[in-house]
Every structure is written in structure tokens, then in C-alpha cells.
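S.K.: sequence unknown, structure follows:
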């Protein structure tokens, strides 16, 4: 399968010279289609100090189909669904934007870049995006509290993360529109 | 007919022949007046009246018709009818055997021009609305549930019990005249009775239930309680639960779906999500035609194409391509392994690097694509720069009218969102059409139907789909052909812009809808008696089952 060859190459590329704050591992050595990535919260952001798990699922058709990237660690972010799915709104990964010449390294860096610079104009969580725009201090506070609650310690990739606490889901209002991004 | 009272007429029954003059409407006993001409007007246009043929009614001399009016087309209990034979029907219905209760036809609900002040005189407009709502529920649901019930233990024809403890179903007819248009009249058939439960279990019936629900004695004159409060517990509870469900779906913001209409952002989200799941791929570029693939230029990699590097790699498989290897060169001069690029082109007709279409002219008329794919992002000559601020007013106003068929209301003033609007007019139109389609509110006049709802970013101008100046872009992104040095972050600049442009769709329009909805609700409460809401409710309530869409969304989340 040609996709495995490319994936293997990309994996080598990501592990041999890992980019800043990104650690790639395979949960199952025999399956290169599933990556576990640990993302360090970029310094200088509300996510600094947090370690976020990303699950990258590469379709069989990769690189002709976009990989699916989701947060395994809960994160308070305008472009990541505030639920157990952790869908990410990343235009790069949308089917209509995906190009086979895009590499996973670029994808991962794009995700990390998203942490550094949220895109409130393209939200998955409208309420959080609103807060990000209007009350950055409050947003930072909430984001930090999420980091403290979820993103410390060893990263869990597939452990059940429980139900969201009361009130956390109130920002899901803008979900529907932005969800198109999360699907990519 | 013989039983009709002859208040103003000579009796026929006494064995004497009565003669009637059609000219002057005089009547007399034949034996009192010998000749067959009218004694008063001398006309010979006369007729002998007998019991089977009484011409006198034709002239309106008979018993005055009730309602005094033009619209006496239908049966109404308690009043005479234009068809005297039908008057007996109600009598039979009251004692009908179980399981045979009639379902009132929708056609019995007749808009009636005549106004009956008896009912409307002391009713406020709000009462009128709730009354109308109630009667609608009963018409559409109550009788169905009743008819579906199993016959009671009393058998098909229970022995007539005393009126206070009867087990059979009862049918009660009530005429409402509280229409939102001032004169609408509806006849309601309420069927209550014992559907499988003990006869003595008194359960809340419709009237009582709605009285409780609305905290309002809405049902004066529905009938005396002795007649109604005989429903068995099972039937009563089941119906009550059903109605409660309906009300919940109406008033609970979490599942405010009625047919094709949604009332809340959350409900809209569900629909959008479902539609997206149904067609996840439709916004991507269409496959290239086989002829286009066959016509691609093949050549061996020359030093000129390699530039200064000794070798290059195919960006699809990241395998090396050495000088002299055969490559396929796309019209945009990007080249790849033939097999690699063909695999891609069979799914999307654009260059994997720069997204330029491989088929000439495909961007202008897309003749080989279906309508879903006729609005594709990869258009090199895209007329809208990403930062183009666009008017948001048309979308807002149109969505409002499409979603809220309360025609009596004016669309609320759209919220200016110019600081966030980066969509062009055409994208607005596209999105609007998508929203209309998924809302089931009728097709947009300007756009082809798009069953997919992936409006977010589908047509957004994106740096990833660079306009004419693609070479600069690809270089900037470190993905140019032959560039194997892409180690540093290529997405800092352009990627941000892309994120801003794509997928704003639902979030923004959702907020609009939400606000507009709130305004609509306020208006509705204020204006109270407008004809729109109830008419709409009546039209859509029959399809109020569309609530199942939530489960998928829940599962997804």
C-alpha cells in the first residue's frame, strides 16, 4: 500500500527531527494509520504548561484523503469543540481544502499554531470565541483552568474523559455552523 | 318532512288537500275554494300540497334557518340544519359503540364568514389563540388516539348503563368560533371513553388537561363533565402523554423542532450536523474526466525542471524522482509521478499543490459537474479577495422570512456584523440557499439546490485556494514542486487568513437566527392575535414528528 510508505516517511520525518513542542508516537507499532501526538501548550499563551493529546487518524486513502485530527485532551478553545470529541476546526483538513501535498508535519504545526492564535472568527464554540474577543482576561482564566484540570500530568489518549461539568456546554450554540470545520 | 312544524302553514295531515299559490304564496284548503285558481291573485300557478311534496319550503316560508346566514353549510349541534336529515346524525354519535368513533374530517373545519358573537364576545385575543390551538390539537391528535384505542371490556355493544357511569366512548361536538381571522369557525369532535381501562378510572380528559396546562378555563362549553370524564386511565394517560410530548417539543428549546421548522440554534445545529454527515465530501473538487487525465503531458524529468537540485520528490508519495524518470506535468507545470497524480485526479480535478484545475475552462461552466459541485472553491479567477467585506443584510432578511413563516411579521432589523463579514454576495446567496434547503422552506430563487450543508468555508475565499498568484503562495508555503526543505512552519501567515475566512457560516447565521427568533417570539407575544402563528401551527403540526434528528447529533457528540 503506497499510503503506508508515505506515512512511514512522514513518521520518520516527525520523529527524527521533531518540531518544537510536538511529540509523535504510534500507539500500535503495526498500525501506522493512527498517531498519538503530544502537543505542548505554546509558551506565552494560556495553554502554556499544558500537554495536550492529539489523535491523528490517517485514512486508508491517505494522502488523497485528509487525516482526522482530534484533541484527546479537553481544551478551552474557540476552535475545538468543548466536549469529549475534541473536534478541531482546521481549514487545512477540510475535504475541500485538503491537498495530498500537505504533510502531517504541517498539520500538526497548524494545530499548535491554533493554540497560539485562536481563530475566533471561525469558531466551533461560539461562546468561547465571543469571550475570546471581548474579554481576553476571562478567556485566559478559563483556558488556564482547563489546562490545570485536564492538561497536566500524563496524557491520556483514549481514556473516557467523563461528562462535562455543568455549565460547560453552554457555549455549544455556535457549534452547528462551525462543525463543518471540525469534520475535516 | 311531515313532522316539520307547520307554524305558518296549513296542515296537510288532516285529510284535506291544501293548495299553494306559487305566485303570491297564498295557501288554502281546496275544499274551501272550489276552483284551481288562487283566490287572492287569481293566478293559476298553484299546486296541491301533499306530504311528499311540499313546495312551500322553497319560498323560505318554513322554519327560519339558524345562523341567519350565508354559511350554513355544515352541521352544528344545537341548531337546525339546512339538511334536516343530517340532524339525526349527532343523536347517533352520542351513543356510538366503542371502537367506531368517527374521526372528524379536516374538511369539517370550515372557515365560516358568519361571526357568532356568543362565543367571541367575552374572549380576549389570547384566549382565542389558545382556544384555536387547543381545538387544533384535539382535531389532529385527540381523535386519532381515541380511534386507535382498543374496545373496552364491555364488548362491542355494551349494555346501556346509566348516564353517569357509561363505559362506551362518547362523542361530543363543539363549535368554536374563535378564529384568528375574526370569523373562523371550527367544529371539534371530542371522543372520550373507555379504551381498555376500568370504566371507573377517571382520567384527565382533553378539556381538563388543557385547562391545567394553560392555567385557564379554556374550555367553557366543551360539554358537561359527566359526559367527558369517563375516559379510562390508559387512554387518558396515553393521550395526555402524547400531548405533553407535543407541547414539550414546542416549548422546550432543546428540541424545538416542528416539521421542517426549527426554533432554536441547537435544533438548527442538529439538522446541519445531520446533513453534513450525510454528504461530507460534496464541497471538494469533482473528479477529473478520464479524457483529461489521458491528455496530461508526460515527459521525463529534465535538469531544467529539477533546477539546481540533483533529484526531487513527488509531493504525493514523497518518493524520490530522479532525473530521467517519467513524470506527469499538469497544466500548472507541477509534476508528479504519473500513478500518484492520477490517483488524486480521479477524485479531484485540481493540482495537488496549487489547486489549479487541470481541465481548461472547467472553472467557468463546470459542464461536467452536477449542480452540487457547480460552486467550487478552486477558482483561479475568484473575484472576491478574502478580505472583501460584503453586505450581510440580504442574507439576514431572507433567512428570516424563510424561516419564520409568520407573514404578519416584518423581519427584524438585521444585526450589523460588518466587522466579521468576509463573505461575498454570492457566498451569501449560496449559504442562504443551503439554509433554505435544509430548512425546507422552499428553494432559493437564485441558487441551485445544495443538499449538503457544509456551508462553512465551502465557498470561502481561502489562501489555500490561491487566486491567480499561486506560485507565490506555494513557495511561501514551502510546498512548491521540488521543494523538499519544508521544515519551518509554512502556515504562519496564510493559514491564519484561511481560518478566518472559512467556516464562519453557521456560527454567524446561527446567531442571527437566534436573535431574530427571539424578536419574533416577542412580537408574537405582543401582537397576540395575529393570524400567522396559529395558521402556521395548524399547517405544521400534523408533521410535528420531526424530532428524531437529535439522536444522531447526540451520538456524534
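M.R.: That came through fine. Worth saying up front: this structure is predicted, and the values here are computed from it rather than measured. Numbering: from 1, shown residues only, chains lettered A, B, ... in the order given.
S.K.: Which pLDDT value does the model give residue A:104?
M.R.: We note a pLDDT of 90 for residue A:104 in this prediction.
S.K.: repeat for residue B:313
M.R.: For residue B:313, pLDDT reads 82.
S.K.: tell me the strands in chain A, going along the chain?
M.R.: Using DSSP state E, the strands of chain A run over residues A:22-25, A:34-40, A:51-57, A:68-71.
S.K.: can you list those in JSON lines and add mean pLDDT?
M.R.: Formatted as JSON lines, the strands of chain A follow (pLDDT from 0 to 100):
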{"stretch": "strand A:22-25", "mean pLDDT": "90"}
{"stretch": "strand A:34-40", "mean pLDDT": "91"}
{"stretch": "strand A:51-57", "mean pLDDT": "92"}
{"stretch": "strand A:68-71", "mean pLDDT": "92"}
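S.K.: ok, and what's touching stretch B:307-324?
M.R.: A:2, A:5-6, A:9-10, A:63, A:100-101, A:103, B:300-303, B:305-306, B:327, B:336-337, B:340-341, B:343-344, B:352-353, B:479, B:481-482, B:484 (CB atoms under 8 Å, 6 or more residues apart in numbering or on different chains). Backbone N, C-alpha and C define where each C-beta goes, glycine included.
S.K.: Pipe the strands of chain A into a markdown table and attach mean neighbour count and distance to residue B:42 per row.
M.R.: Output for those, formatted as a markdown table (neighbours: other CB atoms under 10 Å in any protein chain shown; distance: least, CB to CB, whole Å):
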| stretch | mean neighbour count | distance to residue B:42 |
| --- | --- | --- |
| strand A:22-25 | 17 | 117 |
| strand A:34-40 | 20 | 111 |
| strand A:51-57 | 20 | 105 |
| strand A:68-71 | 20 | 102 |
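S.K.: could you dump those strands to CSV with distance to residue A:125?
M.R.: As requested, the strands of chain A are arranged in CSV below (distance: least, CB to CB, whole Å):
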stretch, distance to residue A:125
strand A:22-25, 24
strand A:34-40, 18
strand A:51-57, 16
strand A:68-71, 12
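S.K.: export the ones you listed to a markdown table and tack on distance to chain B?
M.R.: As requested, the strands of chain A are exported to a markdown table (distance: least, CB to the nearest CB, whole Å):
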| stretch | distance to chain B |
| --- | --- |
| strand A:22-25 | 11 |
| strand A:34-40 | 14 |
| strand A:51-57 | 14 |
| strand A:68-71 | 11 |
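S.K.: and the gap between residue B:266 and chain A?
M.R.: 7 Å (CB to the nearest CB, to the nearest Å).
S.K.: which element is that residue on?
M.R.: helix B:265-278 (DSSP states H and E).
S.K.: name the helices or strands packed onto the helix or strand just after that helix?
M.R.: The C-terminal neighbour of helix B:265-278 among helices and strands, as given by DSSP H and E, is helix B:290-294. Under the contact criterion of 3 or more CB pairs under 8 Å, 6 or more residues apart in numbering or on different chains; DSSP states H and E, helix B:290-294 touches helix B:338-345.
S.K.: wait, what's in contact with residue 46?
M.R.: In the absence of a named chain, chain A is used. Counting by CB under 8 Å, 6+ apart, residue A:46 has contacts A:76, A:139-140, A:143-144, A:147.
S.K.: my question was about chain B
M.R.: B:19-22, B:36-38.
S.K.: Any of those buried? List them.
M.R.: B:19-22, B:37-38 (16 or more other CB atoms under 10 Å in any protein chain shown).
S.K.: Looking at residue B:39 now. What's its pLDDT?
M.R.: Looking at residue B:39, the pLDDT reads 80.
S.K.: wait, residue B:328 sits on residue B:343?
M.R.: No - the criterion here is CB atoms under 8 Å, and residue B:328 misses it with residue B:343 at 11.3 Å.
S.K.: buried set for stretch B:37-57?
M.R.: B:37-38, B:46-47, B:49, B:54-56.
S.K.: Next, give me the two most distant ones among the residues you listed.
M.R.: Largest separation among the buried residues of stretch B:37-57 by CB to CB: B:37 and B:54, giving 20.5 Å.
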